[in-house]
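Participant: task: produce atomic coordinates for the following.
(chains A, B and C)
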Amino acid sequence: MERSGIITLLTDFGLSDAYVAMMKGVIFSINREAALIDITHSISTGSVFQGAYILRESFSYFPAGTVHVAVVDPGVGSNRRSIAVKAAGHFFTGPDNGIFWPIIERYKDTTIYELTEKKYFLPQVTSTFHGRDIFAPVAAQISLGLHIHQLGRVVSNPEKLEIPLPFKYDNTLTGQIIRIDNFGNLITNITANDLAGFLGNNEPVIHTGKIKIYGLSKIYSDRENGELLAIINSSNQLEIAVNMGKASDYIGKERDDIIGTGVKVEKTG
Amino acid sequence: MERSGIITLLTDFGLSDAYVAMMKGVIFSINREAALIDITHSISTGSVFQGAYILRESFSYFPAGTVHVAVVDPGVGSNRRSIAVKAAGHFFTGPDNGIFWPIIERYKDTTIYELTEKKYFLPQVTSTFHGRDIFAPVAAQISLGLHIHQLGRVVSNPEKLEIPLPFKYDNTLTGQIIRIDNFGNLITNITANDLAGFLGNNEPVIHTGKIKIYGLSKIYSDRENGELLAIINSSNQLEIAVNMGKASDYIGKERDDIIGTGVKVEKTG
Amino acid sequence: MERSGIITLLTDFGLSDAYVAMMKGVIFSINREAALIDITHSISTGSVFQGAYILRESFSYFPAGTVHVAVVDPGVGSNRRSIAVKAAGHFFTGPDNGIFWPIIERYKDTTIYELTEKKYFLPQVTSTFHGRDIFAPVAAQISLGLHIHQLGRVVSNPEKLEIPLPFKYDNTLTGQIIRIDNFGNLITNITANDLAGFLGNNEPVIHTGKIKIYGLSKIYSDRENGELLAIINSSNQLEIAVNMGKASDYIGKERDDIIGTGVKVEKTG
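Facilitator: Alright, predicted model coming up:
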């Protein structure tokens, strides 16, 4: 497959330390012509789930042949495997801890290799920073055309990630909040498809905590300033928002407790 | 006009989500050779004014032929227009909500087009993320040489932005604080020119809240550590600062209430 | 020396303002082909020490011939010198305030020049933003091949930085905490070498505040979740960490007071 020459980076490292910059230095030392793009470095510490979701939502906006490095790696240095994945015309490298599972599960043509060929790593591999010592140099090599089967042996049983799915029961579709974005929007695991299949020609009533919203809005400004609304967002997910405000302020829980909160949809004729 | 191949991005999206990265992926899918530079993604949610000011202060440091994407867009999906602007040898694209007004107003050679040609957008345009679906692909096309008149129809009445200007009354020049920077510096809308025209050969006394500063400093360390001072900053604006400290701590208001605070200049012989 | 075409940036400017973007615009106006990498812009305001440490830890991961711009510059506009440094096959430019001292001190082949040739600066140099007006254009020129001796006169007495070193007394090796990273890890100035020389075949007991840790871990998950541990980190420093937690929460001081806290190592047979 052609390489795009682009390498994206997603980590929980933050931007205050030089960890991300060290990874970029290592990549440039191998492929000076790479284009480096940060997806985000603000994943909550160790949240493989959050990293997995954001990666799945965003990777396909990049050209085919892009290499995506994802390092949310609480088990660094333990016996968890390091892997490279080819799926949907893209390449991925990072720990085998479920961070790539939503992508592996979704695409049929996936191939996965464990990284065992040490000649593609930095000469000295520390036990605490595989992002710099293993994944950055491997990503740079792949971006130059290395085939991932050269990196090691096939993996047939990658680590899975438990992904909460919405379910129907009686006349209710129940999902949950899986992410809060920078605008305080509450993003659920209920997709536009889930909702259409459930509702048919009916209108939804959406409940979460003390919030109750009638109907779906097409745009944020369908409602008055400060008013709650439900909308299908730009990633095709049901989202609870406030026009010119933050829905996260309305849910009566601390920000960190909001993730996982149930969202119930009922239908009215 | 020649294109520089550079595209800058200014939004209120923050860096925790993948929204900015999705825009960059879309751009690279159209122009792999673009150089992408973040101006900032920390504009306060929906603050068109803040975005407009920062864009006007910074765009001209880039080479002519650069494309600047500015998306502070609380009206996304409503009937506000999407536009592309050519001014001062640079290109701009974003919502027609006043964010480009300080630039449009200032430069004589401005041309503005509404984005109506859907063939330059992503195939599916959502109602909540025009940054990714419209402005990113349009910017990429412009960076490759597309003429902005190909994008749609001329706009002769762009949205304006109310820009507070300083005014003289009796022996006082009154302006206001329009920005607080990362160093806690209080940046006013009084320019070096305004001040020179008002003062002549006199010395200023600068008042804001309980603060009273005699004279202008040339450099921060003209005053003792911790002492308040007034200075003409690197963007030619009157700025209130503290040597080795934060002037924002001295004004006795919450950070968000400081913007708009009046600043009075008197003159002493 | 060959140039890599890469320019890194390290400042205390934060990312909310457009200051960093202005520097990048200036660089691109001189060298459109430069690759620009942020090391970090989150250095605590005015902390030359923090900037110096992070620069020394990270610069060598970049290819030889890279230019590193470091602007933590509380004395901007005063009579502190502006310098360019060549050391260890890399170039550096910024204020002469000690920020490059850990690198100058360590490498034998260092040459240093004061920036006096104004033709390499922006035409108008302000007294408050040398990052944009002096260091960015100088870095761009160096990245294009300018020899640093063309920039001005030799500096033989660069500003030093007081660097705390660990010391042995009786049966104790005493160092201090010099940095807290994004993971709450407490990073000390005790290196793997210091520790090996002190311990010989003995095991360490590590004390700081109320913390007491027996032995060194090889990987974070050597200890139970939530348990304190000591480890040699990816930069060869003794680090105090918590598996799946933040060691900074355990030290019983405010975050800003932790830097400088003593760390004692004893040995047990």
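Participant: any idea how far stretch A:146-159 is from the middle of the chain?
Facilitator: 21 Å (CA atoms, centre = their mean, to the nearest Å).
Participant: and the end-to-end length of that stretch?
Facilitator: By CA to CA, to the nearest Å, the extent of stretch A:146-159 from end to end equals 24 Å.
Participant: can you list contacts of that stretch?
Facilitator: Defining contact as CB atoms under 8 Å, 6 or more residues apart in numbering or on different chains, one finds that stretch A:146-159 is touched by A:80-81, A:83-86, A:91, A:96-98, A:100-101, A:104, A:111-117, A:120, A:138, A:142. (C-beta placed from N, C-alpha, C; glycine too.)
Participant: which among these count as buried?
Facilitator: Neighbour counting with 16 or more other CB atoms under 10 Å in any protein chain shown marks A:80-81, A:83-86, A:91, A:96-98, A:100-101, A:104, A:112-115, A:120, A:138, A:142 as buried within the contacts of stretch A:146-159.
Participant: restricted to helices, list the contacts of stretch A:146-159.
Facilitator: Using DSSP state H, A:101, A:104, A:138, A:142 are the members of the contacts of stretch A:146-159 that sit in helices.
Participant: now, which of these sits nearest residue C:66?
Facilitator: Of all the ones in helices among the contacts of stretch A:146-159, the one sitting nearest residue C:66 is residue A:138; the distance, using CB to CB, is 21.8 Å.
Participant: got the contact list for the closest one?
Facilitator: Shown in contact with residue A:138 (CB under 8 Å, 6+ apart): A:82, A:84, A:93, A:115, A:120-121, A:151.
Participant: now do the buried residues in the least confident helix or strand in chain A by mean pLDDT.
Facilitator: Lowest on mean pLDDT, DSSP states H and E among the helices and strands of chain A sits helix A:255-258, with a mean of 79. By neighbour count on 16+ other CB under 10 Å, the buried set for helix A:255-258 is residue A:258.
Participant: alpha carbons of it, as PDB, please.
Facilitator: Taking C-alpha atoms only, helix A:255-258 is exported to PDB below (Å, rounded to 0.1, in the frame of the first residue of the first chain):
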ATOM      1  CA  ARG A 255     -17.400  16.000  35.400                       C
ATOM      2  CA  ASP A 256     -15.500  12.800  36.000                       C
ATOM      3  CA  ASP A 257     -18.700  11.000  37.100                       C
ATOM      4  CA  ILE A 258     -20.700  11.900  34.000                       C
END
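Participant: which strands and helices sit next to the next helix or strand after that helix?
Facilitator: Going down the chain from helix A:255-258, the next helix or strand is strand A:262-268, by DSSP states H and E. Applying 3 or more CB pairs under 8 Å, 6 or more residues apart in numbering or on different chains; DSSP states H and E, one finds that strand A:262-268 contacts strand A:172-180, strand A:186-191, helix A:192-199, strand A:203-208, strand A:237-242.
Participant: try it again with 6 Å
Facilitator: strand A:172-180, strand A:203-208 (3 or more CB pairs under 6 Å, 6 or more residues apart in numbering or on different chains; DSSP states H and E).
Participant: the longest one near chain B at all?
Facilitator: No. Under the criterion of CB under 6 Å from any CB of the partner chain, strand A:172-180 makes no contact with chain B; the nearest approach is 8.1 Å.
Participant: show me what from the stretch 101-250 of chain A comes close to chain C.
Facilitator: Checking the stretch 101-250 of chain A against chain C by CB under 6 Å from any CB, the hits are A:126-129.
Participant: adding pLDDT and distance to residue C:49 as columns, could you present the residues you listed in CSV?
Facilitator: Below are these laid out as CSV (pLDDT from 0 to 100; distance: CB to CB, whole Å):
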residue, pLDDT, distance to residue C:49
A:126, 96, 25
A:127, 94, 28
A:128, 95, 24
A:129, 97, 23
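Participant: got these as a markdown table, with distance to chain B, secondary structure and neighbour count columns?
Facilitator: Converted to a markdown table, these look like this (distance: CB to the nearest CB, whole Å; DSSP: H, G, I helix; E, B strand; the rest coil; neighbours: other CB atoms under 10 Å in any protein chain shown):
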| residue | distance to chain B | secondary structure | neighbour count |
| --- | --- | --- | --- |
| A:126 | 27 | coil | 19 |
| A:127 | 29 | coil | 19 |
| A:128 | 24 | coil | 23 |
| A:129 | 22 | coil | 23 |
